[in-house]
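Q: With the sequence up front, the predicted model follows.
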Amino acid sequence: MSMIQMCRIAKIYANGVPALYDIDLQIPAGEFAYITGSSGAGKSTLLRLLYCADRPTRGQILMGKRNITRLNARKIAFLRRQIGFVFQDFKLLQNRTVMENVALPLQVQGASIKETRSRTFEMLQYVGLEYKMQRKPLELSGGEQQRVAIARAMIVRPKLLLADEPTGNLDYSLAQEIMEMFSRINQAGTTVLVATHDTEIMRLLPRRTIALENGHIISDTYPAATCPETDTDQLQETA
Amino acid sequence: MKRLRYFIQRTVFNMIQSPLLSSATIGTIGVALMLLAFFTLIVLNVQNLTRQWSSEIQVTVYLEQVPSTTTLRQWQEQIEQQPSVVHVTYVSQAEAFERFRKRLGRNDDLLDGLLPEILPASFELVLTPESRSEHGAERLVQELKKNPAFTGFRYGQDWLKRYDAFLFLLKLTGALAGGFLIFATLFIISNTIKLTIYARRDELEIMTLIGATPMFIKIPFLAEGALQGIIGALLALGGCHVLYYFFLKRGLSALLTTTAAGNITFLPLSIQAGVITLGFVLGICGSALPLRKFVRM
């Protein structure tokens, strides 16, 4: 079953600049895929369409069986409760503690205090930051902040995890750590979609790769075998 | 209940976590509303003062000859039926003479050898508050002139002209300055709140990303704005009371007579409640407008 289906999607901004054009894409549930391409290729726009921050100029987007192309503000909010987000700049609230940041999505959904506390602690253990839960984000390293962002994204047990350049602000070893975490999340059944232009990361964890250029999909490839040592040369173009 | 607790917690924590921003907003609301409240205080007191002055406005109708008691009663009833007249007092020649003597004080011996008949008898007419103007007095006089026995009228024409001009100027200044102050207050408060919300736009963005509905995001901000508005209004009333006590009550007593200074009063309770309500409304509206812009899904 498809988690995401995009049919003939186009996004043209108000100034007439086309960001995406003729995008046809299917992401099955439980898949791990990269959206790649140079800066301005349309990676972030594609993700923005998926979490309804922008509306496509043309075409339809289905998430599960639901058309999300024209939702009102309230329905968008409820849709986002099923999606986890991880961004390059972490997007953490600097004036709240790690625990408060991670607990936020559950508070928004009206979970009880008891449930919020236990699940927050569980998620912080999962990302290995339970001993820093009373710290503020600025007291943490970049890698730790990204782990907090992942914990916050995963606390609602989302069906889909969207990550926009999640390793952009991290050095190689921290990036590796974050990607391993994404892999574990994917193995647990969550569909993961990562927008990145970091080829090292894609080499480290080879997965389906959708390449964009000037708003078009120029290739959609699967690795020959899912193996951490697989080189990009081994990728087999399937699209 | 859970939601309510969250909103209350969030409102209080937001204010505690951003003390500078909160203080700036409360301070701005406080100063702006204090100016407005102090201006209202001055306008109300000047109005009170002019109302006291206007109570002294009266029309005196002189009689050429003193008629019989029956005619006198008839005329008095006739005058009392005029809608602009509140009260009519008959002043006999003897009473007028006695008043004149009192007014002369130590020089009252000037009247020695003179009879009370040298002064005319008169009716003194107290007017309704709406008729206490040059126009109102003139209209009444025109009506009374129909009786040929009423030979002279005095109603301080020149004084009334100046009083009317002063009243007009007062109303114009009040309307212009009041309008300007209300506009400036709205402008300053809405911009200050806009800046504080702009400083927290990241929080708004994050809340939208994690699935908070627009109302869920807005309620703590609106509650914060309302609370800041009420605190600001209470500070404004406090500040206004200090200004009232030191500048109006004590300062003006040196300039005005004791009686006039005693008549200077603080804002009535209804206006004080109005200032607090205004603070509350300004706080909510000042927050709601920028939130419409920043809370976008």
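A: Here it is on my side, so go on. From a predicted model like this one, the values you see are computed outputs, not experimental measurements.

Q: Next, please give the residue ranges for the helices of chain A.
A: A:43-50, A:73-80, A:98-108, A:113-126, A:142-154, A:172-187, A:199-204 (DSSP state H).

Q: Also the stretch 101-250 of chain B?
A: Using DSSP state H, counting those that start in this stretch, the helices of the stretch 101-250 of chain B run over residues B:134-144, B:157-199, B:201-209, B:214-243.

Q: Nearest spatial neighbour of residue B:296, chain-adjacent residues omitted?
A: residue B:208 (7.2 Å; C-beta to C-beta, 6 or more residues apart in numbering or on different chains). C-beta coordinates here come from the backbone N, C-alpha and C atoms, glycine included.

Q: Please tell me I have it right and that neighbour contacts residue B:295.
A: Yes. Between residue B:208 and residue B:295 a contact is recorded at 6.7 Å, counting by C-beta atoms under 8 Å.

Q: what do those two both touch?
A: Residues touching both residue B:208 and residue B:295 (C-beta atoms under 8 Å, 6 or more residues apart in numbering or on different chains): B:214, B:217.

Q: Pull out the buried positions in the helix or strand containing residue B:37.
A: Assigning secondary structure by DSSP states H and E places residue B:37 in helix B:19-55. With burial defined by 16 or more other C-beta atoms under 10 Å in any protein chain shown, the residues of helix B:19-55 counted as buried are B:21-22, B:24-26, B:28-46, B:54.

Q: Please dump the helices of chain A into a markdown table; it should also carry mean neighbour count and mean pLDDT for every row.
A: As requested, these are exported to a markdown table (neighbours: other C-beta atoms under 10 Å in any protein chain shown; pLDDT from 0 to 100):
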| stretch | mean neighbour count | mean pLDDT |
| --- | --- | --- |
| helix A:43-50 | 23 | 94 |
| helix A:73-80 | 17 | 92 |
| helix A:98-108 | 23 | 93 |
| helix A:113-126 | 16 | 93 |
| helix A:142-154 | 24 | 93 |
| helix A:172-187 | 17 | 90 |
| helix A:199-204 | 17 | 88 |
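
Q: Same list as before, those helices that is, but in JSON lines and with distance to chain B included.
A: What follows is the helices of chain A, written out as JSON lines (distance: least, C-beta to the nearest C-beta, whole Å):
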{"stretch": "helix A:43-50", "distance to chain B": "11"}
{"stretch": "helix A:73-80", "distance to chain B": "4"}
{"stretch": "helix A:98-108", "distance to chain B": "4"}
{"stretch": "helix A:113-126", "distance to chain B": "8"}
{"stretch": "helix A:142-154", "distance to chain B": "7"}
{"stretch": "helix A:172-187", "distance to chain B": "17"}
{"stretch": "helix A:199-204", "distance to chain B": "23"}
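
Q: Nearest to residue B:64, out of these?
A: Comparison of the helices of chain A against residue B:64 by C-beta to C-beta identifies helix A:73-80 as nearest, at 85.1 Å.

Q: which helices and strands does the closest one pack with?
A: helix B:201-209, helix B:214-243 (3 or more C-beta pairs under 8 Å, 6 or more residues apart in numbering or on different chains; DSSP states H and E).

Q: Please work out the residue of chain A nearest to chain B and name it.
A: residue A:81 (3.6 Å; C-beta to the nearest C-beta).

Q: give me the low-pLDDT residue ranges for chain B?
A: Per-residue confidence for chain B (pLDDT under 70) gives these ranges: B:251-262, B:297.

Q: so what are the domain limits for chain A?
A: A:2-82+A:160-237, A:92-157 (automatic domain parsing).

Q: can the ones you listed go into a markdown table with extra columns for distance to residue B:267?
A: Conversion of the domains of chain A to a markdown table gives the following (distance: least, C-beta to C-beta, whole Å):
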| stretch | distance to residue B:267 |
| --- | --- |
| domain A:2-82+A:160-237 | 43 |
| domain A:92-157 | 38 |
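
Q: so which of the ones you listed gets nearest residue B:177?
A: That would be domain A:92-157 among the domains of chain A, by C-beta to C-beta, at 41.0 Å.

Q: end to end, how far does that closest one reach?
A: From its first residue to its last, domain A:92-157 covers 19 Å (C-alpha to C-alpha, to the nearest Å).
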